[in-house]
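Colleague: how does the following fold in three dimensions:
(one chain, ligands or ions: 1)
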Amino acid sequence: MTTTAGLPDSTLPPFFSYQDQALHAEGVPLQRLAEEHGTPLFVYSRAAILDALAAYQRGLAGREHLICYAMKANSSLAILQTLVQAGCGLDIVSGGELERALAVGVSPDKIIFSGVGKTRAEMRQALQVGIGCFNVESRAELDVLDEVAREMGLRAPVSVRVNPNVDAKTHPYISTGLKGNKFGIAQEDVVETYRHAAACAGLRVVGIDCHIGSQITQTGPYLDAMDRVLDAVESIEAAGVKIEHIDFGGGLGIDYQGNDNPPAADALWQALLQRLDARGFGDRKICIEPGRSLVGNAGACLTEVLFLKPGEQKNFLIVDAAMNDLPRPAMYQAFHRIVPVQPRAADASSTVWDVVGPVCESGDWIGRDRELAVHSGDLLAVLSAGAYCMSMASNYNTRGRAAEVLVDGTQAHLIRARESVADQTRLERLL
Ligand SMILES: *Cc1c(COP(=O)(O)O)cnc(C)c1O
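Modeller: So this is what the prediction gives:
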């Protein structure tokens, strides 16, 4: 078994491994994919995605449930197709995501529409196709949705997002269940909001939902949120409004460091279902909206080392991927492991590097203080890059977005071609 720069094989994400001194996704050597498609290149393992989904399916087996993949984590069509064919619904946050969802043939009644700022046009579009549920985040939004639905002679299926005021103990930018966040309706206003919704001719109350944040690595915040949501269900039903399904959102974290220990999805749901049963809600339909935990560790971004730039205070390793491809470090100071695709001999001398991209911003870094033995021209893999990377990628510095490959056993499918400059300027006009 290869050990590289202190990185034992066992800490690689599942379905990524060194075979004959070369990093593979399932049965495909990553060097070959980079030669064929160029870099930066996103590579995903289909088995890793399905394996992550299977943990949720095991956890919820025997219960009436719907797993809606939160597609903002990675909305590439072939990724959506993979999850939809495996039985998932989709959680969307825009009209654009609705169109992607329909393009992969998901049944509209398995679509949940989340987000604080839906436009009337988006509401109409979603009502037209008959989505399963609007997760509504404010009284004002309820009223507009009611009006839009009545104009169309329809009733919009709604769930109200409650803000359980629970600290998810994650990065402030991805914590969403606290009173200071823009998300959801405060607990003290929930019953009144449901009474109001139930009285609107254009609305049909179907559920309740919450989502407390992202990259959550502990079970406690989920149990707390579940308790608060169930308290709310009790009060709402005491006021005469029936709740059919309970949606606990997404947010389960993944192992980025190699030693983060988020609960496994099946273990998490075992604990949550116990609580649900103990409180007498075991027969309710459960919806969940996982994003990152389904795709995050299924993807890696391959990048080529362009230049070594040793310095007095810092050594910089300049690579061809940048913040426009991998925005998480710049946005959240997030950590991604970076490993060689073809490790150099164990006795090769390594240096501590800041791995940075070519973009003209000091915020354009991918990893800091990484010990690596590399030469220019070597390939590196930025791990755990399946979620919130490609879907957040931009064209800053007129950089085309990367290509994407989905590996399935020994097969590799190009699922997105590299974006050209012509693609980027297609909608622009000279004076
Ligand atoms: C982003 C989001 C999710 C998914 O979050 P993950 O951390 O990727 O699992 C689920 N529900 C809502 C409402 C979201 O905004």
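
Colleague: only C-alpha atoms from now on, for both contacts and neighbour counts.
Modeller: OK.

Colleague: up against the ligand, what does this protein have?
Modeller: Contact residues (Cα under 6 Å from any ligand atom) of the chain with the ligand: 70, 73, 114, 211, 214-215, 249-252, 289-293.

Colleague: OK, contacts around the residue nearest to the spatial centre of the chain?
Modeller: With distances taken as Cα atoms, centre = their mean, the residue of the chain nearest its centroid is Ala73 (2.7 Å). Applying Cα atoms under 8 Å, 6 or more residues apart in numbering, we find Ala73 in contact with Gly291, Arg292, Val295, Gly296, Gly386, Ala387, Tyr388, Cys389, Ser391.

Colleague: residue ranges in the stretch 101-250 of the chain under the pLDDT threshold?
Modeller: Within the stretch 101-250 of the chain, the segments meeting pLDDT under 70 span 173-175.

Colleague: ok, 80 please
Modeller: Applying pLDDT under 80 to the stretch 101-250 of the chain flags the ranges 168-182.

Colleague: tell me what the closest residue to Ala381 other than its chain neighbours is bridged to.
Modeller: The shortest distance from Ala381 to any non-neighbouring residue, by Cα to Cα, 6 or more residues apart in numbering, is to Leu302 (4.5 Å). Assessed by DSSP bridges, Leu302 has beta-bridge partners Leu41, Ala381.

Colleague: and Leu302, how far from Val205?
Modeller: 46 Å (Cα to Cα, to the nearest Å).

Colleague: which one of these two has more residues nearby?
Modeller: Comparing Leu302 with Val205 by other Cα atoms under 10 Å, the one with more neighbours is Leu302, at 29 against 24.

Colleague: let me know the pLDDT of that one.
Modeller: pLDDT for Leu302: 99.

Colleague: can you check Gly258 too?
Modeller: On the pLDDT scale, Gly258 is placed at 88.

Colleague: show me what contacts it?
Modeller: Thr11, Leu12 are the contacts of Gly258 under Cα under 8 Å, 6+ apart.

Colleague: phi, psi of it?
Modeller: phi 100, psi -10 (degrees, to the nearest 10).

Colleague: residues of stretch 361-371 that come out buried?
Modeller: Neighbour-count burial for stretch 361-371, with 16 or more other Cα atoms under 10 Å as criterion, is recorded at Gly363, Asp364, Trp365, Ile366, Gly367, Arg368, Arg370, Glu371.

Colleague: relative to the ligand, which of these is nearest.
Modeller: Ile366 (20.2 Å; Cα to the nearest ligand atom).

Colleague: now what about whichever strand or helix holds that closest one, what contacts it?
Modeller: Under the criterion of DSSP states H and E, Ile366 resides in strand 365-372. Outside strand 365-372, the residues that touch it by Cα under 8 Å, 6+ apart are 5, 322-323, 326, 329-330, 335-340, 350-357.

Colleague: so which of these are in strands?
Modeller: Ile338, Val339, Pro340, Thr351, Val352, Trp353, Asp354, Val355, Val356 (DSSP state E).

Colleague: how many neighbours does Ala422 have?
Modeller: 10.

Colleague: make sure it is indeed in a helix.
Modeller: Yes. Using DSSP: H, G, I helix; E, B strand; the rest coil, the assignment for Ala422 is a helix.

Colleague: ok, Asp167 - contacts?
Modeller: When contacts are counted by Cα under 8 Å, 6+ apart, Asp167 touches Ser175, Gly177, Leu178, Ile212, Pro221.

Colleague: now the phi/psi pair for it, please.
Modeller: phi -80, psi 110.

Colleague: and it, how far from Asp277?
Modeller: Counting by Cα to Cα - Asp167 and Asp277 are separated by 24 Å.

Colleague: also Asp20?
Modeller: With Cα to Cα as the criterion, Asp20 and Asp277 are 49 Å apart.

Colleague: how about the helices in the stretch 151-300 of the chain?
Modeller: 187-198, 220-238, 265-278, 292-295 (DSSP state H, counting those that start in this stretch).

Colleague: go on, the stretch 1-150 of the chain?
Modeller: Under the criterion DSSP H, counting those that start in this stretch, the stretch 1-150 of the chain contains helices at 30-37, 46-59, 77-85, 95-103, 120-129, 139-151.

Colleague: mind putting those in JSON lines, mean neighbour count included?
Modeller: Converted to JSON lines, the helices of the stretch 1-150 of the chain look like this (neighbours: other Cα atoms under 10 Å):
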{"stretch": "helix 30-37", "mean neighbour count": "16"}
{"stretch": "helix 46-59", "mean neighbour count": "20"}
{"stretch": "helix 77-85", "mean neighbour count": "19"}
{"stretch": "helix 95-103", "mean neighbour count": "17"}
{"stretch": "helix 120-129", "mean neighbour count": "17"}
{"stretch": "helix 139-151", "mean neighbour count": "19"}
